[in-house]
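S.K.: following is a predicted model, sequence given first.
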Amino acid sequence: MNHSTDPKQTHLADADVVPPYASRVLLTSLVIVGMGFSVLFPLLAPIGREMGLSEVQITSIIGASSLAVFLASPFWGRLSDSWGRKRVMIIGLFGFSAGTVLFNSILNLGLSGALTGSALFAALIVARLCHASVMSAAMPAANAYMADITSAENRTKGMGAAGAANNLGSILGPALSGLAVFSLLLPLWVIAIVAFLNGLFIWRFLPQSPKPKIEKAARPTRLRYTDPRILPFIIVGVLMFMGFALVQQTMGFRFQDALGLTAKETAKVLGIAMMLSAGCSLFAQAIIVQRTKLAPFDLLKLAIPLLIVSFTLMASFQSQWILTAAMALQGFAMGMAGPAFMAGASLAVTSEEQGSVAGIASSCGPLGFTAGPIFGGLLYQISPVLPYAFAAAVYVILMLFMGRLSRRIQPRG
């Protein structure tokens, strides 16, 4: 075989010339990306209530921004194939910083009373849509970069390492939200500065990723969500993230109402629970994913039942310790499920399609976070138990179909 024209061999050969420090730079950056995404979660529910917004309005802000990420991620993933992973990552990081400044400015107007009611809600939605459309460039480019520098045999471990770095950031993000005891918006201003510095860090230290050498006559294939190679992972990913988002965006209300907490107390208690959850996720990725040879779908089949148990605990108890333990269990299970989902989708396609599949796979989380928070807010207004019972039911259905979906997978190198 002529190895110069074999996509798989060329891909691996190029990956070998990447400096060994490239993965360390990428993983360091993903820690900060994780901080940026997680710092808002303990804060938005209490801040929203302080501004007089309803539960559905608060969760709709996350839902709207997640819809923008869902629509934009495939575009950024494909663009990273032609523009390069590094350039698209930098766009996302600087966009995240600028968007956070815009969003925080509007939150400040809402907390001061200068902007209220429908005008405040509309302004927050527009700001988050602008923010999300640009910041969504970072993750598909980063995932595609990781795929570029790992072989097929190490893809799951590579995605697990990326997920572990992101989850380490998810530990530090809620810890940063502890600054809310001084000012509810202080953690968000800090993360805007950190994200900007992260963009400079990537610009200065991350090497360009290798690109597969494709013949000039060949044109990159534009993947579709219905592509039979990745469809099983798309179904699992969307439903998995929808249940996760539904819980994630209502736990602030659950803690505040069940324990009778103030806004600042809620941010602190939920922040601690989220840190523990992210810590358990990090443990799962560092031990289970990195040190076992379980296939991606086997990891998913192990994680789904654990998530059902965690949601059942959230629905059944109002104790701070049990709710915190349930979040820890959820984090542990998602620590296995997240990298398994990304690695499975990556392994199902060719090396030339890594940017496209990274964009599609990265959009599954935002699609789940579009529907999940809105359903969660509506269900919570009916009964505080319903969001978690609904999430458990979704995962039971998902578990029943796991066997059927797994038979459709045709992994590739």
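M.R.: Perfect, thanks for sending it.
S.K.: burial measure for residue 131, as a count.
M.R.: The number of residues packed near residue 131 is 22, by other C-beta atoms under 10 Å. Where C-beta positions appear, they are placed from N, C-alpha and C, glycine not excepted.
S.K.: what does the model give it for pLDDT?
M.R.: pLDDT for residue 131: 92.
S.K.: check residue 48 too.
M.R.: 93.
S.K.: can you report phi and psi for the residue lying closest to residue 19 once chain neighbours are set aside?
M.R.: Leaving out its chain neighbours, the residue that sits closest to residue 19 by C-beta to C-beta, 6 or more residues apart in numbering is residue 207, at 5.5 Å. Note on residue 207: backbone dihedrals following degrees, to the nearest 10 are phi -70, psi 160.
S.K.: and residue 207, how many neighbours does it have?
M.R.: Neighbourhood size, residue 207 [other C-beta under 10 Å]: 15.
S.K.: and it, what does it touch?
M.R.: Neighbouring residues of residue 207 by C-beta atoms under 8 Å, 6 or more residues apart in numbering: 18, 19, 22, 25, 86.
S.K.: what's the answer for residue 193, then?
M.R.: residue 97.
S.K.: center of this structure - which residue?
M.R.: Most central in the chain under C-alpha atoms, centre = their mean is residue 365, positioned 5.9 Å from the mean C-alpha point.
S.K.: so that one touches residue 237, yeah?
M.R.: Yes - under the criterion of C-beta atoms under 8 Å, residue 365 makes contact with residue 237 at 7.1 Å.
S.K.: just curious, which of the contacts of residue 207 is nearest to residue 283?
M.R.: Of all those, residue 283 sits closest to residue 25, with 23.8 Å by C-beta to C-beta.
S.K.: starting at the chain centroid, how far to the host helix or strand of residue 265?
M.R.: Element membership for residue 265, per DSSP states H and E: helix 263-283. Its chain's C-alpha centre and that of helix 263-283 lie 16 Å apart, by C-alpha atoms, centre = their mean, to the nearest Å.
S.K.: same for it, what does it pack against?
M.R.: helix 22-38, helix 41-50, helix 155-176, helix 251-259, helix 320-347 (3 or more C-beta pairs under 8 Å, 6 or more residues apart in numbering; DSSP states H and E).
S.K.: buried residues, the helix or strand just after the longest one. List them.
M.R.: Same thing as helix 320-347. Downstream of helix 320-347, the first helix or strand assigned by DSSP H and E is helix 354-382. Using 16 or more other C-beta atoms under 10 Å as the test for burial, helix 354-382 gives 354-377, 379-380.
S.K.: distance of residue 319 relative to residue 326?
M.R.: Distance from residue 319 to residue 326, counting by C-beta to C-beta, to the nearest Å: 10 Å.
S.K.: sorry, back to before: farthest-apart pair in the contacts of residue 207, please.
M.R.: Across these, no pair lies farther apart than 19 and 86, at 13.0 Å, counting by C-beta to C-beta.
S.K.: ok, the two, which is more surrounded?
M.R.: Neighbour tally, residue 19 and residue 86, criterion other C-beta under 10 Å: the higher count belongs to residue 86, 20 against 11.
S.K.: pretty sure the more buried one is touching residue 209, no?
M.R.: Yes - at 6.7 Å, residue 86 counts as touching residue 209 under the criterion of C-beta under 8 Å.
S.K.: OK, contacts around residue 270?
M.R.: 41, 42, 45, 174, 251, 252, 255.
S.K.: any idea how far the fourth one lies from residue 96?
M.R.: For residue 174, the distance to residue 96 under the criterion C-beta to C-beta works out to 18 Å.
S.K.: also the first one?
M.R.: Distance check for residue 41 against residue 96: by C-beta to C-beta, it reads 15 Å.
S.K.: of these two, which one has the most company?
M.R.: Comparing residue 41 with residue 96 by other C-beta under 10 Å, the one with more neighbours is residue 96, at 28 against 21.
S.K.: more neighbours: which of residue 319 and residue 326?
M.R.: The residue with more neighbours, out of residue 319 and residue 326, is residue 326; 25 against 12, by other C-beta under 10 Å.
S.K.: please name the residues that touch that one.
M.R.: Per C-beta under 8 Å, 6+ apart, neighbours of residue 326: 310, 311, 313, 314, 317.
S.K.: how far away is it from residue 309?
M.R.: Using C-beta to C-beta, one gets 8 Å for the distance from residue 326 to residue 309.
S.K.: on that earlier part again, with just CA atoms, put the helix holding residue 265 into PDB.
M.R.: Listed next in PDB are the C-alpha coordinates belonging to helix 263-283 (Å, rounded to 0.1, in the frame of the first residue of the first chain):
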ATOM      1  CA  ALA A 263     -29.000  33.900  47.400                       C
ATOM      2  CA  LYS A 264     -25.400  34.100  48.600                       C
ATOM      3  CA  GLU A 265     -25.800  31.000  50.800                       C
ATOM      4  CA  THR A 266     -27.300  29.100  47.800                       C
ATOM      5  CA  ALA A 267     -24.300  30.000  45.600                       C
ATOM      6  CA  LYS A 268     -21.900  28.700  48.400                       C
ATOM      7  CA  VAL A 269     -23.700  25.500  49.100                       C
ATOM      8  CA  LEU A 270     -24.400  24.600  45.500                       C
ATOM      9  CA  GLY A 271     -20.800  25.600  44.600                       C
ATOM     10  CA  ILE A 272     -19.500  23.100  47.100                       C
ATOM     11  CA  ALA A 273     -21.800  20.400  45.700                       C
ATOM     12  CA  MET A 274     -20.700  21.100  42.200                       C
ATOM     13  CA  MET A 275     -17.000  21.000  43.200                       C
ATOM     14  CA  LEU A 276     -17.600  17.500  44.700                       C
ATOM     15  CA  SER A 277     -19.500  16.400  41.600                       C
ATOM     16  CA  ALA A 278     -16.700  17.600  39.300                       C
ATOM     17  CA  GLY A 279     -14.100  16.000  41.600                       C
ATOM     18  CA  CYS A 280     -15.800  12.600  41.300                       C
ATOM     19  CA  SER A 281     -16.000  13.100  37.500                       C
ATOM     20  CA  LEU A 282     -12.300  13.800  37.500                       C
ATOM     21  CA  PHE A 283     -11.700  10.700  39.500                       C
END
